[in-house]
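Engineer: Okay, structure incoming, though there's no sequence with it:
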């Protein structure tokens, strides 16, 4: 007698939750966004790619009502961020009228990297190579795509990936 076995792929349990210090105080917890896609972007105020803040806000405005969260993670790891959180918040509010959730200035690479970025490096082989690198997490919290700085937030690559994970 021959027995056939069906290979059933194991479903990933999802990503761990990560907490970030919010730029205006308090905590941003990715577990609060479980079930929603999240685009995490390491940002800097003094970078040639800084005008992408406008497109990040546009992406949030377009897809936020359907569930997308765009999280800005200011970082000085590439020596292009302002001196402190208050200066970053003021710059982003006055220059770009940002309403996105934003973290305090955070390390995104190396030994001091935030646990989210260490997880991305260790488990998924992704470390930001520059400012405005983007990570799309699906509703299950797992990475669905990464893009470098030259890929703009409203590009078809990113909007297509976002639309694919929205309800």
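Structural biologist: Structure received. Predicted model, so just to flag it, every value in this text is computed and none were measured. Numbering: from 1, shown residues only.
Engineer: Strands of the chain, residue ranges please.
Structural biologist: Defined through DSSP state E, the strands belonging to the chain, from first to last, are 19-21, 27-29, 38-43, 69-74, 134-137, 143-147.
Engineer: which residues touch the nearest residue to residue 31 once chain neighbours are set aside?
Structural biologist: Distance criterion Cβ to Cβ, 6 or more residues apart in numbering; nearest residue to residue 31, sequence neighbours excluded, is residue 17 at 3.3 Å. Backbone N, C-alpha and C define where each C-beta goes, glycine included. When the contact criterion is Cβ atoms under 8 Å, 6 or more residues apart in numbering, the partners of residue 17 are 29-31, 34, 141.
Engineer: can you tell me how far residue 17 sits from residue 148?
Structural biologist: As for residue 17, its distance to residue 148 is 26 Å (criterion: Cβ to Cβ, to the nearest Å).
Engineer: Would you mind measuring from the residue nearest to residue 31 to residue 125?
Structural biologist: Remark: distance between residue 17 and residue 125 (Cβ to Cβ) = 21 Å.
Engineer: any idea how far residue 95 is from the residue nearest the centre of the chain?
Structural biologist: Nearest to the geometric centre of the chain sits residue 40, at 0.4 Å (Cα atoms, centre = their mean). Taking Cβ to Cβ as the measure, residue 40 falls 21 Å from residue 95.
Engineer: now swap in residue 71 and tell me
Structural biologist: For residue 71, the distance to residue 95 equals 19 Å [Cβ to Cβ].
Engineer: Looking only at neighbour counts, state which of those two leads.
Structural biologist: Between residue 71 and residue 95, residue 71 has the larger neighbour count (other Cβ atoms under 10 Å), namely 23 against 13.
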